[in-house]
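> just the structure for this:
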Amino acid sequence: MIYMFLANGFEEVEALMPLDLMRRAGLPVKTVGIGSLDITGSHGITVKADMLDSDFSDNSPECVILPGGMPGTTNLDASPVVHKALDSALENNSLICAICAAPMILGKRGILKGKNATCFPRFEEYLEGANVGGRAVRDGQVITGVGMGAALEFGIEIVAALKGRGAADKLFAAVLAK
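Residues are numbered from 1 along each chain as shown. Model (predicted):
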């Protein structure tokens, strides 16, 4: 199963664009609300998560996704459930994805050392040891995105990692009506 963690203050587009793309691609993804099913984004949009963090028990997630935004990122970073999910993903060599400010969570844990990665400007200091730059960057089991303006590319990279480049390219063409 693919899990996207949502905490109050998340950046709505960074979560909903990739979520929409994954569901269009037929991927099994659940949103996990930190502390509540009703999670309000940084711009006042409230979404209902599929499950509560207290119900998360998957020891081998296929993918863990962390949208950015503030204070959403700091709320995710404060969650022991998010860290448990990241630990499980690392142990199982599963895909780990973070966009905007959220790569700081990965950087603080040392997950990005020696990897190509990106993040929202002013958060590079948390990506110590990473080669920083780009819009949507995949390096092994990690995908990072620079911010809201790259949410489409970030979502397409996730689809490519999970379903193959051909499926991702087809989806990209379909959503752009090419």
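> please enumerate the helices of this structure.
Secondary structure of the chain (DSSP state H): helices at 12-24, 72-77, 80-91, 103-108, 151-163, 165-175.
> residues of the fourth one that come out buried?
What it means is helix 103-108. For helix 103-108, the neighbour count (16 or more other C-beta atoms under 10 Å) marks 103-107 as buried. (Glycine included, C-beta is placed from N, CA and C.)
> show me which of the residues you listed is closest to residue 95.
Relative to residue 95, the closest of the buried residues of helix 103-108 is residue 106; by C-beta to C-beta it sits at 12.2 Å.
> so that closest one sits right up against residue 112, yeah?
Yes - counting by C-beta atoms under 8 Å, residue 112 is a contact partner of residue 106 at 5.2 Å.
> packing partners for the lowest-mean-pLDDT helix or strand in the chain?
When each helix and strand of the chain is scored by mean pLDDT, DSSP states H and E, strand 131-132 comes last, with a mean of 88. If you count contacts as 3 or more C-beta pairs under 8 Å, 6 or more residues apart in numbering; DSSP states H and E, strand 131-132 packs onto strand 116-117.
> residues contacting residue 132?
Residue 132 makes contact with 117-119, 124, according to C-beta atoms under 8 Å, 6 or more residues apart in numbering.
> got these as JSON lines, with neighbour count columns?
What follows is these, written out as JSON lines (neighbours: other C-beta atoms under 10 Å):
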{"residue": "117", "neighbour count": "28"}
{"residue": "118", "neighbour count": "28"}
{"residue": "119", "neighbour count": "30"}
{"residue": "124", "neighbour count": "17"}
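> returning to that earlier point: what do residue 106 and residue 112 both touch?
In contact with both residue 106 and residue 112: 127, 142, 144, using C-beta under 8 Å, 6+ apart.
> so which of those is the most crowded?
residue 144 (33 neighbours; other C-beta atoms under 10 Å).
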